[in-house]
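**Q** Sequence first, then the predicted structure:
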Amino acid sequence: MIRIGKIVATHGIGGSLILTHIVGNSNWLKKGTAIHVEMQKGSFIPYFISNIKANNNEEYVVGVEDINKVEAAKKLVTKHVYVDESILSEYARQSPLLWIGFNVIDKKEGTLGKIDDVMQTGNQWLAKLTYQNTEVLLPLIEQTIDSLDIKTKTINMTLPDGLLDVYLDARFC
């Protein structure tokens, strides 16, 4: 599953939820789509969307089946929301924000670790991960990404020579 956002509040007294998402385009988010709410670390409960209305490009008011009272909806506030990767396969390739949790494998160094966060600096995306107990930032650009596999949540990269050494050498300064 891919994390797409978070439930940030309730809306009204009928159990509707305010969902913020990082996908950008929400054409995939429709009545009947299953969203998975992470109630506890690694424990996901599926909910089916019964209605949806866009507040803006990043925020939606969502009704889900079996939640029809504000008291029940409040239990979902602050929880992360995921969807099956098959639903978002075309969008995930376009949005590095969806790559959080993906494993990075460098052609030369092998497995580097999971992406903890992504950030945009100007027109470039950077992946933040911990490699050999050191926080590193990797450029998520066409020249470094060899392949992206949504199903296995892996990004194969060819990093510039010496990039990781800059971070590792800085630990001893």
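**A** Sure thing, it's come through.
**Q** okay, now the domains of this protein?
**A** Domains of the chain are assigned by automatic domain parsing as 2-90, 96-170.
**Q** Include mean pLDDT when you put these into a markdown table, please.
**A** Output for the domains of the chain, formatted as a markdown table (pLDDT from 0 to 100):
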| stretch | mean pLDDT |
| --- | --- |
| domain 2-90 | 88 |
| domain 96-170 | 89 |
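**Q** Using the three-state scheme, assign Leu88.
**A** Taking DSSP: H, G, I helix; E, B strand; the rest coil as the rule, one finds Leu88 in the helix state.
**Q** One more: the one 10 residues further on?
**A** Each residue gets one of three states, and Leu98 gets helix by three-state DSSP.
**Q** So which residues of the chain form strands?
**A** 2-11, 16-21, 34-40, 43-56, 59-64, 80-83, 103-106, 110-121, 124-131, 134-139, 145-149, 154-157 (DSSP state E).
**Q** What is the fourth one packed up against?
**A** I take that to be strand 43-56. Applying 3 or more CB pairs under 8 Å, 6 or more residues apart in numbering; DSSP states H and E, one finds that strand 43-56 contacts strand 34-40, strand 59-64. Heads up, the C-betas are built off the backbone N, CA and C, glycines and all.
**Q** Pick the most deeply packed of those strands.
**A** Here the criterion is mean neighbour count by mean count of other CB atoms under 10 Å, and of these the winner is strand 59-64, at a mean of 20.
**Q** still on that earlier bit, can you put the helices and strands packed on strand 43-56 in JSON lines and add distance to Lys153?
**A** JSON lines is the format used below for the helices and strands packed on strand 43-56 (distance: least, CB to CB, whole Å):
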{"stretch": "strand 34-40", "distance to Lys153": "15"}
{"stretch": "strand 59-64", "distance to Lys153": "25"}
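**Q** between those strands, which one is nearest to Leu19?
**A** Closest approach to Leu19 among those is made by strand 59-64 (4.9 Å; CB to CB).
**Q** Give the partner strands of the closest one in its sheet and their orientations.
**A** Sheet pairing here is set by DSSP bridges, and for strand 59-64 it gives strand 16-21 (antiparallel), strand 43-56 (antiparallel).
**Q** returning to what we had before: in TSV: the strands of the chain, plus distance to Asp169.
**A** TSV is the format used below for these (distance: least, CB to CB, whole Å):
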stretch	distance to Asp169
strand 2-11	33
strand 16-21	39
strand 34-40	38
strand 43-56	41
strand 59-64	43
strand 80-83	36
strand 103-106	17
strand 110-121	16
strand 124-131	13
strand 134-139	10
strand 145-149	25
strand 154-157	20
